[in-house]
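Undergrad: Sequence first, predicted coordinates after that:
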Amino acid sequence: MPKNMDTTEYLDTESVVASKALKLARLLVSSKKVVCFTGAGISTSSGIPDYRSGYNTILSTGPGAWESEENKKKFTKEKLRVEAIKAIPSKTHMALYELVSRGYINHIITQNVDGLHRKSGIPEDKLTELHGGTNKEVCLECHKEYLRDFRVRNYQNPESEHKTLRKCTNCGSDLYDTVVYFNQPLRAVDKARALHEAETSDLCLVLGSSLKVAPASRYPSKFINNPDKKLAIINLQKTHLDKSCDLRIGALTDHVLELVMAKIGIPIPEFTVKRWLSFQISCAYDSSSILTIKNYNKEMLEFSVFKSIVVEANIDNSVTVVELNEEPFEFRFKGNLISLKCHMRFFGNKDEKDLSMEAEDWGPLWDSLTQGREIIVHGEYCLNNKNWDLLEARAL
């Protein structure tokens, strides 16, 4: 724990929060370009503890990582925590997703590495992850990015060594995790994009950050002492910009965003697990065929979610069953494919059920699949009713 760290939480009364939420709603509606700066405080309601909260915090996750071990014992309530890879986006994440989708917020700059902004649906071009992501790795040669439903870091290596031991499917080069640890420099491209968004926006909304970590915390400073820019801060603890900002709210971000969305008249969407499943048959050099199965996110970025896949194929009236247990998930066969069943098992970090697809699920696209076109099936898994819905299938 940093020396002399003030963990005091400052809460506005409910009437004050309601009044300030109305002001924030008006700011969002009237501003020309809005950038949002987020910190660990927006993920605590997802079950991920922060760093700076004290033993007397109101957060259900309990004391932060930097609280002393002695003081942590003073927190007697049950801690509601989950592993980051299993966490789902909070109401704040989903409200921000909807505000970005509708154009009220133009860009999000985040210090968080939990990947919850991406999971909520924020597209890559609307998001700068200053400190990287625990489930994202990148090829430094061709710059292709990969999302995984698992932590990508190789923990046998020190933090200074980012090689993950996986290879790029595009060029074959080594892949590297993207997390920027303490005392490591930010990536130049992320610094440049964050600076551009800060300099070209007229409103900055800070959510769940005490603005203590530099250089990330410098971007909101661009909005003070400038009559053409406004700064709003929602956080439990003090920040060094409190006296210079235009609006300061001491409250939980989920609560404030619920009020703001109600004032604007926009519902906060529920989080669902979204998958874009890909199936494609290609010809190999030995005249055999290869069925490749993978998953994308909405932006068509490869997103690893399969633990294993069982393929049951009728080839020339002979049934073959094969279990595939690692990427790339490829089934090689020779002959005429008459029918196909794929039973997909996921890592299950969102407790999603297995999903089976048979030939009739592709409908009229079956011919396109057997002719070599890539078939994309959009499925969503509802966490409430525990069911998959196959919403759309198309041929590329």
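TA: Good, I have the coordinates.

Undergrad: CA-only coordinates of the one helix or strand Met94 maps to in PDB, if you can.
TA: In the assignment (DSSP states H and E), Met94 maps to helix 91-101. The C-alpha trace of helix 91-101 is given here as PDB (Å, rounded to 0.1, in the frame of the first residue of the first chain):
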ATOM      1  CA  LYS A  91     -24.500  -1.600 -15.400                       C
ATOM      2  CA  THR A  92     -21.900   1.100 -16.000                       C
ATOM      3  CA  HIS A  93     -20.300  -0.900 -18.800                       C
ATOM      4  CA  MET A  94     -23.600  -1.600 -20.400                       C
ATOM      5  CA  ALA A  95     -24.800   2.000 -20.100                       C
ATOM      6  CA  LEU A  96     -21.500   3.200 -21.700                       C
ATOM      7  CA  TYR A  97     -22.000   0.700 -24.500                       C
ATOM      8  CA  GLU A  98     -25.500   2.100 -25.200                       C
ATOM      9  CA  LEU A  99     -24.300   5.700 -25.000                       C
ATOM     10  CA  VAL A 100     -21.500   4.900 -27.500                       C
ATOM     11  CA  SER A 101     -23.900   3.100 -29.800                       C
END
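
Undergrad: Report the secondary structure element holding Phe331.
TA: Phe331 belongs to strand 329-333, assigned by DSSP H and E.

Undergrad: What strands line up against that strand, and which way round?
TA: strand 289-296 (antiparallel) (DSSP bridges).

Undergrad: Can you give the distance from the partner strand to the centre of its chain?
TA: Distance of strand 289-296 from the chain centroid (CA atoms, centre = their mean, to the nearest Å) equals 24 Å.

Undergrad: Buried ones in it, by neighbour count?
TA: Buried residues in strand 289-296, counted by 16 or more other CB atoms under 10 Å: 289, 291, 293-296. For the C-beta atoms, the positions are set from N, CA and C on the backbone; glycine is no exception.

Undergrad: Point out the other helices and strands that the following helix or strand past that strand packs with.
TA: Helices and strands here follow DSSP H and E; after strand 289-296, the next one along the chain is strand 303-304. Secondary-structure packing of strand 303-304 (3 or more CB pairs under 8 Å, 6 or more residues apart in numbering; DSSP states H and E): strand 145-148, strand 289-296.

Undergrad: how about these, which one is nearest Ile42?
TA: Evaluated over those, closeness to Ile42 peaks at strand 145-148, with 20.0 Å, by CB to CB.

Undergrad: Does anything pack onto the longest helix anywhere in the chain? Which helices or strands?
TA: As assigned by DSSP state H, the longest helix anywhere in the chain is helix 14-30. Counting contacts by 3+ CB pairs under 8 Å, 6+ apart, helix 14-30 is packed against strand 203-207, strand 230-234, strand 247-249, helix 253-264.

Undergrad: Give me the helices and strands touching the longest one, please.
TA: Contact here means 3+ CB pairs under 8 Å, 6+ apart; on that basis helix 253-264 packs against helix 14-30, helix 91-101.

Undergrad: Dump these to JSON lines, plus mean neighbour count.
TA: Putting those into JSON lines (neighbours: other CB atoms under 10 Å) gives the following:
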{"stretch": "helix 14-30", "mean neighbour count": "16"}
{"stretch": "helix 91-101", "mean neighbour count": "24"}
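
Undergrad: Make JSON lines from the ones you listed and add distance to Leu186 and mean pLDDT to it.
TA: Shown next, in JSON lines, are the helices and strands packed on helix 253-264 (distance: least, CB to CB, whole Å; pLDDT from 0 to 100):
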{"stretch": "helix 14-30", "distance to Leu186": "27", "mean pLDDT": "97"}
{"stretch": "helix 91-101", "distance to Leu186": "22", "mean pLDDT": "98"}
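
Undergrad: Nearest approach to Ala395 belongs to which of these?
TA: So among the helices and strands packed on helix 253-264, helix 91-101 is nearest, using CB to CB, at 26.6 Å.

Undergrad: so that closest one versus helix 253-264, what angle?
TA: If you take axes from the mean of the first three to the mean of the last three CA atoms, to 10 degrees, helix 91-101 sits at 40 degrees to helix 253-264.

Undergrad: ok, back up a step: so what secondary structure elements neighbour the helix holding Met94?
TA: strand 34-38, helix 116-120, helix 253-264.

Undergrad: Which of these sits closest to His162?
TA: Comparing those by CB to CB, helix 116-120 comes nearest, at 19.1 Å.

Undergrad: next helix or strand past that closest one?
TA: Using DSSP H and E, the next helix or strand after helix 116-120 towards the C-terminus is strand 127-129.

Undergrad: care to break the chain down by domain?
TA: Domain assignment of the chain by automatic domain parsing yields the ranges 14-134+179-264, 273-395.

Undergrad: how far away is Leu211 from Thr239?
TA: According to CB to CB, to the nearest Å, Leu211 and Thr239 sit 4 Å apart.

Undergrad: before we move on, what SS does Ser45 have?
TA: Per DSSP: H, G, I helix; E, B strand; the rest coil, the local secondary structure of Ser45 is helix.

Undergrad: sorry, back to before: give the residue from Leu211 and Thr239 that has the larger number of neighbours.
TA: Remark: of Leu211 and Thr239, Leu211 carries more neighbours, 23 against 19, as counted by other CB atoms under 10 Å.

Undergrad: Which of the helices and strands packed on helix 91-101 sits closest to Ser278?
TA: Evaluated over the helices and strands packed on helix 91-101, closeness to Ser278 peaks at helix 116-120, with 18.6 Å, by CB to CB.

Undergrad: just how off-centre is that closest one within its chain?
TA: That offset, for helix 116-120, works out to 3 Å (CA atoms, centre = their mean).

Undergrad: now do the same end-to-end measure for stretch 258-271.
TA: Taking CA to CA, to the nearest Å, the first and last residues of stretch 258-271 lie 15 Å apart.

Undergrad: cool, and stretch 357-376?
TA: End to end - CA to CA - stretch 357-376 spans 12 Å.
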